[in-house]
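K.L.:
Got a predicted structure here, sequence first:
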Amino acid sequence: MKLVTFTHQNRTRIGAVVDNYVIDSYSDTGIPSQMLDFLSAGTEALAAMQRLIEGGGMRILLSEVLLAAPVPRPGKYLAISLNYADHIAETGRERPDYPSFFTKQSTCVIGSGIAIQQPKVSDKLDYEGELAFVIGQHCRHVPLDKAHEVIAGFTIANDVTVRDWQMHSPTMMIGKSFDTCGPLGPWLVTADEIADPHNLAIKTWVDGELRQNANTGQMLFNCYEMVAYLSQAMTLEPGDVISTGTPAGVGVKMKPRGYLKPGQTVRIEIEGIGALANPVVAEA
């Protein structure tokens, strides 16, 4: 199932994408209108959405809706750094002994098609194509062999980074959290639809130029290891987003630098999920 948060006729709610249509949940009072509530409702909400799909619920052309990020305001947005060997090599850093996480503030999150703003204070705007997953239940101290059970689904993330501001703090948080620096989408593919999240092709284009070309099987720490590791320290909750790191090919390591510029479009494709595409504009 491909779950979306979308707006149509000035109403925002949850739906499911089937072919080129969105199955509208508006008529079903048993389906929460916000993704965090939907995920918290668990299997009951999923079953209600499936019945709506099978029962021929109201369909809206996908081209006629505005997609938000599947989880527009996650409670936590955690992202791992240095999780692909080729990216570690291009940065000149050492391989980490433990998963190294930072936070992105939830106000950075936007959906597919929404513009990434080059900020007034910097022209060093960079992309990072990544697989992300969304937590589906409250959990703590999750064993590695049970970690897959707490993942609601998978989506695409662009860990957009303002590179000079990234270095303002050892946590990297401020350079990772500028408004519009958190594209997610276009939808959340439920975990049952992804047979193996660790064997997915991932590619990033800037306009027509292929910048990143890798496979999620190259991750040093896989999705389940991340869940097990993080849940030793904190409670993970429905709607928390965890982004799994970027492969080689980021703009800051190109010669000359391949920073994003207004007028360009960055597009990330992940096998089995789809494509996340965002234009770049100058901050107004």
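P.N.:
Cool, the structure landed.
K.L.:
Could you use CA atoms for every contact and neighbour count after this?
P.N.:
Fine.
K.L.:
Give me the most central residue, the protein.
P.N.:
Nearest residue to the geometric centre of the chain (Cα atoms, centre = their mean): residue 157, 3.1 Å.
K.L.:
where does residue 188 fall, phi/psi-wise?
P.N.:
phi -110, psi 110 (degrees, to the nearest 10).
K.L.:
Bridging across strands, which residues link to it?
P.N.:
Beta-bridge pairing for residue 188 (DSSP bridges): residue 3.
K.L.:
Touching, the residue nearest to the centre of the chain and residue 127? I think so.
P.N.:
No. Residue 157 lies out of contact with residue 127 (Cα atoms under 8 Å); the separation is 9.9 Å.
K.L.:
Which neighbours do these two have in common?
P.N.:
Residues touching both residue 157 and residue 127 (Cα atoms under 8 Å, 6 or more residues apart in numbering): none.
K.L.:
Next one: the residue nearest to the centre of the chain from residue 180, what distance?
P.N.:
12 Å (Cα to Cα, to the nearest Å).
K.L.:
Pull up the overlap in contacts between the two.
P.N.:
With contacts defined as Cα under 8 Å, 6+ apart, no residue is shared by residue 157 and residue 180.
K.L.:
looking at this, the residue nearest to the centre of the chain is in a helix?
P.N.:
No. Residue 157: not assigned to a helix; according to DSSP: H, G, I helix; E, B strand; the rest coil it is strand.
K.L.:
mind listing what it touches?
P.N.:
Residue 157 touches 128, 129, 130, 131, 132, 182, 183, 184, 185, 243, 276, counting by Cα under 8 Å, 6+ apart.
K.L.:
Now do the helices in the chain.
P.N.:
Along the chain, counting by DSSP state H, helices occupy 35-41, 43-54, 85-91, 163-166, 173-176, 223-230.
K.L.:
For the ones you listed, could you give me TSV that also reports mean pLDDT, mean neighbour count and distance to residue 272?
P.N.:
Output for the helices of the chain, formatted as TSV (pLDDT from 0 to 100; neighbours: other Cα atoms under 10 Å; distance: least, Cα to Cα, whole Å):
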stretch	mean pLDDT	mean neighbour count	distance to residue 272
helix 35-41	96	19	21
helix 43-54	94	16	20
helix 85-91	91	16	23
helix 163-166	97	17	30
helix 173-176	97	20	27
helix 223-230	98	20	16
